[in-house]
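Engineer: give me coordinates for this.
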Amino acid sequence: MTQHPEEQKPTELTRDDVELIQHDTVFQGYYRMDRYQLRHRQYDGNWSRPITREVLERGHAAAVLPYDPVEDKVILIEQFRTGAYAHGADPWQIEIIAGIIDPNQSAEQVARREALEEAGCELFGELIPIMDYYMSPGAVSEYMSLFCAACDSKLVSGFHGLDDEDEDIRVLAVPLQRALSLLKAGKIRNSPAIIALQWLQLNHAKVRNQLASTS
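Structural biologist: A predicted model of the protein is given here:
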């Protein structure tokens, strides 16, 4: 009987099954682009042909969804995004708070820092980890640490961002059900916000009770 691929025992491949032939930086601007030439072991045990791939190096990031368990609201932000503009879409995107992790900073520290810088939002108590994941591992090295944390939505409003980073950010304190409606309608189209909102929807009662004690 023929087995389907998902029924077959997977071959265990690791970083030791990759041979790096050459690695160069081909562009350095606001972001860095590196070129890798390598080959890797295939599932049948043979080696692949040498392949060349460019990888965008922009650092690793942390993102946080502030949630007010009393008001049942989430804090979202809206700002101009060049990637969406280049794609031909509306460049003003609804997102959650996020920032690049600087050297000697933890993901949790970055989440708290960015909440203040991007939204004037103080996060209370411990941050709840949602997940860590690669944003687009076929082309980007960026690794995202995603959190949820308690806040007081009544204290959050207005426009924020750092002038030296050319940030112009509008803060939105939105009822959770309204945010989920925006998500369903396709108005929220970036992975950190989508994942965080769907996670909160799945864990709503538990998270609301957990964070109510810290707000």
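Engineer: so what's the residue most central in space within the chain closest to, chain neighbours aside?
Structural biologist: Closest residue to the average C-alpha location of the chain: Pro192 at 3.9 Å, with C-alpha atoms, centre = their mean. Spatial nearest neighbour of Pro192, excluding adjacent residues (C-beta to C-beta, 6 or more residues apart in numbering): Ala63 at 4.2 Å. For the C-beta atoms, the positions are set from N, CA and C on the backbone; glycine is no exception.
Engineer: now do the contacts for the residue nearest to the centre of the chain.
Structural biologist: Applying C-beta atoms under 8 Å, 6 or more residues apart in numbering to Pro192 gives the contacts Ala63, Glu95, Ile96, Ala98, Met144, Leu146.
Engineer: so which of those is the closest to Gln42?
Structural biologist: Distances from Gln42 to those, taken as C-beta to C-beta, are shortest for Met144 (28.8 Å).
Engineer: list the contacts of the lowest-mean-pLDDT helix or strand in the chain.
Structural biologist: Of all helical and strand segments in the chain, the minimum by mean pLDDT, DSSP states H and E falls on strand 159-160, at a mean of 84. With contacts defined as C-beta under 8 Å, 6+ apart, strand 159-160 is touched by Glu117, Glu118, Ala119, Gly120, Glu167, Asp168, Ile169, Arg170, Val171.
Engineer: out of the contacts of Pro192, which sit inside strands?
Structural biologist: Ala63, Glu95, Ala98, Met144, Leu146 (DSSP state E).
Engineer: the last one and Ile130 touch, don't they?
Structural biologist: It refers to Leu146. Yes: here Leu146 reaches Ile130: they are 4.2 Å apart, a contact under C-beta atoms under 8 Å.
Engineer: more neighbours: which of these two?
Structural biologist: A side-by-side neighbour count of Leu146 and Ile130, using other C-beta atoms under 10 Å, places Leu146 first with 26 against 22.
Engineer: who's in contact with the residue lying closest to Asp132 once chain neighbours are set aside?
Structural biologist: Of all residues not flanking Asp132 in the chain, Ser145 sits nearest, at 5.0 Å (C-beta to C-beta, 6+ apart). Contacts here follow C-beta under 8 Å, 6+ apart; on that basis Ser145 touches His60, Ala61, Ala62, Ala63, Ile101, Ala107, Ala111, Pro129, Asp132.
Engineer: domain parsing for this protein?
Structural biologist: Here the domain assignment for the chain is 9-57, 61-212, based on automatic domain parsing.
Engineer: circling back: so what's the residue nearest to Asp132 bridging to?
Structural biologist: Ser145 has the following beta-bridge partners by DSSP bridges: Ala62, Asp132.
Engineer: what stretches of the chain score poorly on pLDDT?
Structural biologist: 1-10, 215 (pLDDT under 70).
Engineer: and the helices in it?
Structural biologist: 82-87, 107-119, 176-184, 191-202, 204-212 (DSSP state H).
Engineer: quick one: the residue nearest to Pro192 and Val18, what's the gap?
Structural biologist: 29 Å (C-beta to C-beta, to the nearest Å).
Engineer: neighbour count winner among the two?
Structural biologist: Ala63 (24 against 13).
Engineer: any idea how far Ile97 is from that one?
Structural biologist: 6 Å.
Engineer: do the same with Met135
Structural biologist: For Met135 relative to Ile97 (C-beta to C-beta), the value is 16 Å.
Engineer: kindly report the same for Arg112.
Structural biologist: 10 Å.
Engineer: many thanks, have a good one.
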